[in-house]
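Undergrad: build me a model:
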Amino acid sequence: MPYASAADGAALYYTVQGRDDGEPLVLIAGQSNGHRWWDAALEDFTSTFRVITMDHRGIGGSDKPDDDSYSTRNFAADVVAVLDAAGAGRAHVYGTSMGGRVAQWVAADHPHRVDRLVLGCTSPGGPHAVRRAESVSRSLTQYSARAVRQALLDLMYTPAWLAEHPGPYRTIGERGTPPHVLRKHRIASARHDAWDVLPTITAPTLVVHGTDDAFNPTANAPLLAERIPGARLHLIPGARHAYFEERRDLAGPLVRDFLSSVDR
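TA: Model (predicted):
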């Protein structure tokens with residue numbers, strides 16, 4: 001199995017799929033998730049791009065250190081280590097949820113490595129971000145694991161979609177993740193604040209969000225689009241947090257066309 005070595009020596013599991021001659025595209029998963037986050041949407045990109053996915057540190061096949069290395073900015077450095085290992089000097093970067101927070105740091109700290117940037121269902125973090133409702137946060141801290149799972153599913157997908165798709169669901173956390181990793185991922189995402197560096201991002205940027213996203217409120221999307229020079233904004237009507245899966249009929253072509261466009 002392919003592994004990259006992070007700056008601190010942590011082993012990072014990654015995969016490469018798609019066209020050998022395609023432009024590199026790295027897909028970055030959400031909090032407490034790894035490369036399987038993208039399973040349902042992967043085919044939207046493999047026919048066009050050389051697609052790189054990875055397990056964040058602490059997740060899946062990657063090392064799980066119990067230290068202070070968990071932050072969205074350090075996760076961004078991990079992404080660059082994976083690009084190095086995969087032989088991708090420059091790549092398109094598409095991150096969703098916490099992966100979108102990580103992608104902001106990749107673009108800000110490593111501009112020469114980013115061709116085009118897509119930020120999905122994410123936020124700038126810090127005091128400028130629009131926080132989710134307290135009722136949503138409470139639903140994710142219930143005593144019953146089954147109740148928390150259902151709350152997550154309801155935040156990710158519409159009831160109609162869930163009724164027709166019995167799973168498995170790849171967006172509600174990687175199974176078997178150690179408690180210390182779950183805690184550190186949660187803290188890393190909560191502490192994200194890239195507000196001050198967003199205006200320095202030079203990569204052409206697309207911001208995508210579902211209009212019915214209560215997990216990461218939709219109001220964060222225009223904040224990002226207004227803060228990043230020249231960024232485009234696209235809202236997907238009726239979509240919740242996992243818009244890239246439930247509404248891949250819209251999201252897949254939208255992102256693919258943006259990444260493939262020639263107005264660079």
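Undergrad: all helices for the stretch 151-264 of the chain, in order.
TA: Counting by DSSP state H, counting those that start in this stretch, the stretch 151-264 of the chain forms helices over residues 159-164, 179-190, 220-227, 243-246, 248-260, given from the N-terminal end onward.
Undergrad: nearest to residue 212, out of those helices?
TA: Residue 212 sits nearest to helix 243-246 of all those, at 9.1 Å, using C-beta to C-beta. Quick note: C-beta positions are derived from backbone N, CA and C, even for glycine.
Undergrad: tally of neighbours for the closest residue to residue 108 other than its chain neighbours?
TA: What sits nearest to residue 108 in space, not counting adjacent residues and going by C-beta to C-beta, 6 or more residues apart in numbering, is residue 197, at 4.0 Å. Residues within reach of residue 197, counting by other C-beta atoms under 10 Å, total 17.
Undergrad: picking that back up, quick one: closest of the helices of the stretch 151-264 of the chain to residue 97.
TA: When the helices of the stretch 151-264 of the chain are compared for distance to residue 97 using C-beta to C-beta, the nearest one is helix 179-190, at 8.2 Å.
Undergrad: can you name every helix or strand that that closest one contacts?
TA: Packed against helix 179-190, as judged by 3 or more C-beta pairs under 8 Å, 6 or more residues apart in numbering; DSSP states H and E, are the following elements: helix 72-85, helix 98-109.
Undergrad: got the angle for it vs helix 72-85?
TA: Orientation note: helix 179-190 sits at an angle of 100 degrees relative to helix 72-85 (axes from the mean of the first three to the mean of the last three C-alpha atoms, to 10 degrees).
Undergrad: any idea which of the helices and strands packed on helix 179-190 is most buried?
TA: helix 98-109 (a mean of 27; mean count of other C-beta atoms under 10 Å).
Undergrad: where in the stretch 1-150 of the chain is pLDDT low?
TA: By pLDDT under 70, the weakly predicted segments of the stretch 1-150 of the chain are 1.
Undergrad: ranges for the strands of it?
TA: Ranges of strands in the stretch 1-150 of the chain, per DSSP state E, counting those that start in this stretch, are 3-5, 11-18, 24-28, 50-54, 91-96, 114-120.
Undergrad: among those strands, which comes closest to residue 141?
TA: With respect to residue 141, and counting by C-beta to C-beta, the nearest of these is strand 91-96 at 22.8 Å.
Undergrad: tell me what the closest one is packed against?
TA: Right, strand 91-96 is packed against strand 24-28, helix 98-109, strand 114-120, helix 248-260 by 3+ C-beta pairs under 8 Å, 6+ apart.
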